[in-house]
Every structure is written in structure tokens, then in C-alpha cells.
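Chemist: predicted model and sequence follow; I will ask about them next.
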Amino acid sequence: MPVPSLVIGIAGGTGAGKTTIAHEITSGVDSVTLVPLDNYYADRSDTPMTEREQINYDHPDAFDWKLLREHLLALCEGRTIEMPEYDFSIHNRTDETTTVDPGDVVMVEGILTLHDEQVCELLDINLYVETDADVRIIRRIRRDVIERGRELDGVISQYLSTVKPMHEQFVEPIKKEADLIIPEGANDTAVGLLREQVHGVVDGDERPF
């Protein structure tokens, strides 16, 4: 199986629009492998539900970085992985995995994608999506209440107690690891240039900057 032409990491706060940017800059690429960082929350099968509900999921320690490194390295080498599936309603992985093959572009996307040094070493391009905090919290509320079935009061409480302080302590500082900082929804030029760069590398005409 061929190795990917390009490996991209996208970080940014909750609700920043990372997934949207990922789709926009790879639009038209025949084969894209998306690796959501959320799928690599640590396995909590031995932890009671009441305790899982209290875990700070916006802290770097919430993630299984070892497994992510192993899987990303495998994809970079052209090998297939069994990616874990995560269920937000139970705050844990499911018993199912998804078979994932390396595409022309491998994209790792999540709030803390650029936090781990060894992960960053495997990336060709590091991106950070920056979006106003008011926009991000509104998106977070809509997503968690509508898509994940959570109570509004609980979402707001979690945002104030962990999401916001963790963003300021861990997410915001990793901008320094980014090759480019993209203002979400406000920079079509940057997205267009990145799309050209991605296609140029995939087509073999350019090297990643």
C-alpha cells in the first residue's frame, strides 16, 4: 500500500471549525484519511460512569498519545490501522474499531493535535484554526445539546470549569507550533492557497512548505 503524499495536523479550540477547514483544504483530493483526535481519548472501561463524568477531557492527559503515535506512524508507512471508536454519551470507547487505510493525504484533527512533540514530528504541515470564543461556545452548546444529548446547564458548567481554562492553558499556547494560523470563516485566500499546496504535493509537483 502506498505511503501518503502529505500528513497534516489541525488544532484549535472546541467549535473552532477545524473539521470544516480540513474538508475545504482537501476538497478534490481523491483519497483523504481523517484521524479525529477525539477517537483517541483514553480507554476508561475500568472506570465507573460517575467517575468518567468528572474527568477533564480537555486536558492532554485525557488522550492516549501512545496509541495515536503508533497509528499515525503506521499510516505514514502505508499500513492499515484499526482506529478506536468513541461514544460521547458514555464517555468511553466502544467495542468497535474502524479499519482505516492511508490516503493520499492523512489529516489529524483535534483541539490538541499539536500538543505532542512526537506527533508533530510526523506532520508535514501544522495548522491552527483561530475562532472567536463567543462563536466557539455557541457551537459547542449546539453540538453537545443537539448531537450528544446533554443538558444545557451541564454543557455551560463544563465549559466554564474545564473547557475555557484548558483552552487558555494548553490549546492557545500550541499556536506556536503551527506553520499557519487560519482565522476560521474569514480567510478564503489562505484556505485557497492551502488547497493549491495540498493538490500540488499530491500531484507530485510541489514539496510541503
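Modeler: It's in.
Chemist: quick check: which element contains Gly9?
Modeler: Using DSSP states H and E, the element containing Gly9 is strand 6-12.
Chemist: gap between that strand and the chain center?
Modeler: Remark: strand 6-12 is offset 8 Å from the chain centroid, using C-alpha atoms, centre = their mean, to the nearest Å.
Chemist: what strands line up against that strand, and which way round?
Modeler: The strands beside strand 6-12 in its sheet (DSSP bridges) come out as strand 105-109 (parallel), strand 125-130 (parallel).
Chemist: next, the buried residues of the helix or strand encompassing Arg136.
Modeler: With the criterion set as DSSP H and E, the secondary-structure element containing Arg136 is helix 133-142. Residues of helix 133-142 classed as buried under the neighbour-count rule (16 or more other C-beta atoms under 10 Å) are Arg136, Ile137, Arg139, Arg140, Ile141. (Each C-beta comes from the backbone N, C-alpha and C, glycine too.)
Chemist: now the residues you listed in TSV, with distance to Tyr40 and pLDDT?
Modeler: Supplementary listing: those in TSV, determined by distance: C-beta to C-beta, whole Å; pLDDT from 0 to 100:
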residue	distance to Tyr40	pLDDT
Arg136	21	74
Ile137	24	75
Arg139	22	77
Arg140	20	74
Ile141	24	78
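Chemist: dump those residues into a markdown table; add distance to Asn126 as well.
Modeler: What follows is these, written out as a markdown table (distance: C-beta to C-beta, whole Å):
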| residue | distance to Asn126 |
| --- | --- |
| Arg136 | 20 |
| Ile137 | 25 |
| Arg139 | 23 |
| Arg140 | 23 |
| Ile141 | 29 |
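Chemist: ok, the residues you listed vs Ile182, which is closest?
Modeler: Ile182 lies nearest to Arg136 out of those, by C-beta to C-beta, at 14.2 Å.
Chemist: the closest one touches Gly13, doesn't it?
Modeler: Yes - contact criterion C-beta atoms under 8 Å: Arg136 and Gly13 qualify, at 5.2 Å.
Chemist: what sits against Ala133?
Modeler: The neighbours of Ala133, taking C-beta atoms under 8 Å, 6 or more residues apart in numbering as the test, are Gly13, Lys164.
Chemist: list the buried residues for the longest strand seen in the chain?
Modeler: Of all the segments assigned as strand in the chain under DSSP state E, the longest by residue count is strand 92-100. Along strand 92-100, these residues count as buried under the neighbour rule (16+ other C-beta under 10 Å): Asn92, Arg93, Val100.
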